[in-house]
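K.L.:
have a look; sequence and predicted model below, questions after that.
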Amino acid sequence: MSQVRVLVGTRKGAFILNSDGKREHWNVSGPHFAGWEMYHLKGSPADPNRLYASPSNGWFGQLIQRSNDGGKTWEPMGNKFEYDGIPGTHQWYDGTPHPWKFARVWHLEPSLTDPDTVYAGVEDAALFRSTDGAKTWEELSGLRKHGSGPSWQPGAGGMCLHTIILDPRDEKRISIAISAAGAFRTDDAGKTWRPINRGLTSEGLPNPNAEVGHCVHHIAAHPSRPDVLFMQKHWDVMRSNNAGDSWQEVSGNLPTDFGFAIDVHAHEPETIYVVPIKSDSEHYPLDGQLRVFRSKSGGTEWEPLTQGLPQKDCYVNVLRDAMAVDSLDSCGIYFGTTGGQVYASADAGNNWAPVVRDLPAVLSVEVQTLQ
Amino acid sequence: MIRVLIPAHLRTLAHLNGEVQLEIAGEATMQSLLNALEAKYPMLLGTIRDQVTHERRPFVRFFACEEDYSHQPPETPLPASVVNGAEPFLIVGAMAGG
């Protein structure tokens, strides 16, 4: 019998939600690391009981924790994230040079094939890799040093590397995204990088079509077609058919194309999901109606999904890492809100129900489908 | 024996119920105290001071004998009453928030 394990990171700890394949009844465990901000936790595709978590807080900094039993027990791992060489400066909000300084881990991406290899996207933006199960970390500094680094500026949430896409065909190809520098790709396992932002337009930039400086919020890809990338930019939903070499806007009939989360159906590579948010200064759904929008055509044509979601007086946000899918035959879609709800749909988005309603603000949602 | 009190979150992390007791070889300074604490409880590395620069984390404070040692140099000797165990050395999470 299949099972689903949902890993939820919140402002005050992690929660683990378990259900069988029917996804009707849920067991909730947590808070794990009570009181710590859990930006992200994620399981290894190569060993689903191997979980990596990134608790942090303003007093005591960043921890890395690892579980080898699906989250029942945890052990502290290495938390020394030291930039390679002299870190140098990036731009501060006012355009002045600002020293690169580690703040926190935003995203952990375990290797698709090796349980001991895991990547960490951090603020100030850099990519780290561990090959010893998170005991030690090494910066893939070719990204930060590739040339445009000194011109990067933070987004409102900090200058964070928040998205890491590993190519299942080629372990040397990794795509990442940084707010507010844009998307970048390596084809040689992190030695060299280049911006992949052609086609992005951001009106807030002096040159709206600049090579770097775009506030990319999230990128998703289907494992069967890793060259097709879907992006929720600050404004605009975008699509690339060539691994980011060029992008086209696919916002289409969305009522607003601002948002954070984006994901792809587990079995239909052209079916994608977003949660439109009113604007960059009003981080809540339009008209108090929480609506997921689904496109079955890879963008442009979108339909609202509302059944079971609050359609009045709802003013929560859905953050960039707070949407995920399971891979059961009837694909499950999950997302968490800043109001502490985690919603699940066991039928690809047609019907929704809350799994939990009153958690701390949800920062991330990841799903494991267990056989 | 030097007694050290650490914040609740760090006690949980280090699986401690009460205060820490440390033996320090050589001169007892704030730096040698933190070195000994981190050596005995490596899971605390990076939570009190930066692992690279050894700068105190901004929202962590050091108190002893009703004095604030937070801004003293790391090589500052600990007061005699902390060294002889009469008084604890306090590592405190600063009041912050709103």
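P.N.:
Thanks, I have it.

K.L.:
what residues does chain B have near chain A?
P.N.:
Within reach of chain A by C-beta under 8 Å from any C-beta of the partner chain, chain B has these residues: B:7, B:9-10, B:13, B:42-43, B:45-48, B:51-52, B:57, B:59-60, B:93-94, B:96. C-beta coordinates here come from the backbone N, C-alpha and C atoms, glycine included.

K.L.:
the residues you listed in helices, which ones?
P.N.:
Those of the residues of chain B next to chain A mapping onto helices are B:9, B:10, B:13, per DSSP state H.

K.L.:
columns neighbour count and pLDDT on top of those residues, output as TSV?
P.N.:
Listed next are these as TSV, based on neighbours: other C-beta atoms under 10 Å in any protein chain shown; pLDDT from 0 to 100:
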residue	neighbour count	pLDDT
B:9	19	96
B:10	21	97
B:13	21	96
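
K.L.:
now the residues you listed as a markdown table including distance to residue A:123?
P.N.:
Compiled in a markdown table, these are given as follows (distance: C-beta to C-beta, whole Å):
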| residue | distance to residue A:123 |
| --- | --- |
| B:9 | 21 |
| B:10 | 23 |
| B:13 | 22 |
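
K.L.:
of those residues, which is the nearest to residue A:111?
P.N.:
Distances from residue A:111 to those, taken as C-beta to C-beta, are shortest for residue B:13 (26.7 Å).

K.L.:
tell me the pLDDT at whichever residue of the stretch 251-371 of chain A sits closest to chain B?
P.N.:
As assessed by C-beta to the nearest C-beta, chain B sits closest to residue A:360 within the stretch 251-371 of chain A, at 14.5 Å. Confidence at residue A:360, expressed as pLDDT, is 98.

K.L.:
and what of residue B:98?
P.N.:
pLDDT, read off for residue B:98, is 58.

K.L.:
quick one: residue A:132 and residue A:1, what's the gap?
P.N.:
For residue A:132, the distance to residue A:1 equals 34 Å [C-beta to C-beta, to the nearest Å].

K.L.:
who's more crowded, these two?
P.N.:
Legend: neighbour count by other C-beta atoms under 10 Å in any protein chain shown for residue A:132 and residue A:1, higher for residue A:132 (13 against 7).

K.L.:
isn't the more buried one up against residue A:118?
P.N.:
No. Using C-beta atoms under 8 Å, residue A:132 makes no contact with residue A:118, being 9.7 Å away.

K.L.:
which SSE is the residue of the stretch 251-371 of chain A closest to chain B in?
P.N.:
Residue A:360 is part of no helix or strand when elements are defined by DSSP states H and E.

K.L.:
for it, what are its contacts?
P.N.:
Going by C-beta atoms under 8 Å, 6 or more residues apart in numbering or on different chains, residue A:360 touches A:10, A:11, A:12, A:13, A:31, A:340.

K.L.:
same deal with residue A:67?
P.N.:
Residues near residue A:67 by C-beta under 8 Å, 6+ apart: A:49, A:50, A:51, A:53, A:73, A:74, A:75.

K.L.:
who's in contact with the helix or strand hosting residue A:177?
P.N.:
Using DSSP H and E, the element containing residue A:177 is strand A:174-179. Strand A:174-179 is contacted by residues A:119, A:121, A:125, A:127, A:143, A:152, A:154-155, A:157-167, A:183-186, A:189-190, A:196, A:215-219, A:221, A:229, A:231, A:243-244 when judged by C-beta under 8 Å, 6+ apart.

K.L.:
what does chain A have sitting close to chain B?
P.N.:
A:35-36, A:57-63, A:76, A:79-80, A:82.

K.L.:
just among the residues you listed, which is most surrounded?
P.N.:
residue A:36 (27 neighbours).

K.L.:
relative to residue A:12, how far out is the residue lying closest to it once chain neighbours are set aside?
P.N.:
Once flanking residues are discounted, residue A:36 sits nearest to residue A:55: 3.6 Å by C-beta to C-beta, 6 or more residues apart in numbering or on different chains. Counting by C-beta to C-beta, the separation of residue A:55 from residue A:12 is 10 Å.

K.L.:
need the overlap of contacts for those two.
P.N.:
Contact criterion C-beta under 8 Å, 6+ apart; residues shared by residue A:55 and residue A:12: A:36, A:37.
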